[in-house]
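1. structure for this input, please:
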Amino acid sequence: MVGLLLFLAVLVAIAFYFVGIFNGLVTLRNRFKNAYAQIDVQLQRRYELIPNLVETAKAYLAHEKDTLTNVIAARNSAAAAAKAVAGSPDNAAMVEKLGQAEGVLGASLGRLLAVSESYPDLKANQTMQQLMEELSSTENRVGFARQAFNDAVMEYNIKREQFPNFFIAGAFGFQLAAQLEIPDVEARKPVKVSF
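-> Take a look at the predicted model:
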């Protein structure tokens with residue numbers, strides 16, 4: 001009888017141990033999903049600023065329609081990728097696509113800023129200066145939010161891959177999460193604003 005009670009106690013302890021692992025994985029997965037939500041807020045702010053920036057620049061950059069069109073196309077592509085990831089930030093393929101789209105957007109914005117340097121009237125425009133200041137501030141917030149997301153993903157992935165956690169993770173569908181990386185080195189540089 002004592003042996004049976006001891007055996008049941010060990011089984012209950014093992015069950016609680018595995019429940020603890022499961023709950024820990026759920027907590028960490030929800031933490032990185034929340035961290036992505038913070039990125040999403042900043043990206044939406046950024047996506048809202050870009051059309052205003054392009055509209056302000058249009059009057060001055062009449063000969064640079066390709067640059068303006070590329071910025072808007074890159075913005076739309078990145079916004080669509082961000083929307084897809086918002087529904088499932090644990091989908092590694094979608095996070096990778098977002099990183100690539102953000103790299104293209106960053107490069108397009110960089111070209112727009114480089115072109116705008118050649119137009120002194122545009123650089124002196126008060127609205128353009130204000131938009132550039134807001135964009136620069138938003139870029140910093142995106143960077144901080146991305147770092148928090150990547151830290152949360154790393155913590156989740158470590159927990160998921162540890163022994164015996166990987167048994168629970170595999171059995172209950174806890175997939176490996178991807179960090180949000182921007183592949184283009186130029187896009188990793190902060191937006192330079194100099195008026």
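
2. excluding residues flanking it in the chain, which one is nearest residue 151?
-> The spatially closest residue to residue 151, leaving aside those adjacent along the chain, is residue 35, at 7.7 Å (CB to CB, 6 or more residues apart in numbering). Placement of C-beta: from N, CA and C, glycine included.

3. C-terminal to the strand or helix carrying the one you found, what's the next element?
-> Secondary structure assigned from DSSP states H and E places residue 35 in helix 2-58. From helix 2-58 onward toward the C-terminus, using DSSP H and E, the following helix or strand is helix 65-87.

4. what's the helix or strand following that following helix packed up against?
-> As assigned by DSSP H and E, the chain's next helix or strand after helix 65-87 is helix 92-116. With contacts defined as 3 or more CB pairs under 8 Å, 6 or more residues apart in numbering; DSSP states H and E, the secondary structure elements packing on helix 92-116 are helix 2-58, helix 65-87, helix 126-161, helix 185-188.

5. closest to residue 110 out of these?
-> In this view, these are compared for proximity to residue 110 by CB to CB, and helix 185-188 is the closest at 6.1 Å.

6. any weak-confidence spans in this protein?
-> 184-195 (pLDDT under 70).

7. thinking again about what came up before, quick check: the residue nearest to residue 151 vs residue 177, distance?
-> Look at residue 35 and residue 177: by CB to CB, to the nearest Å, they are 10 Å apart.
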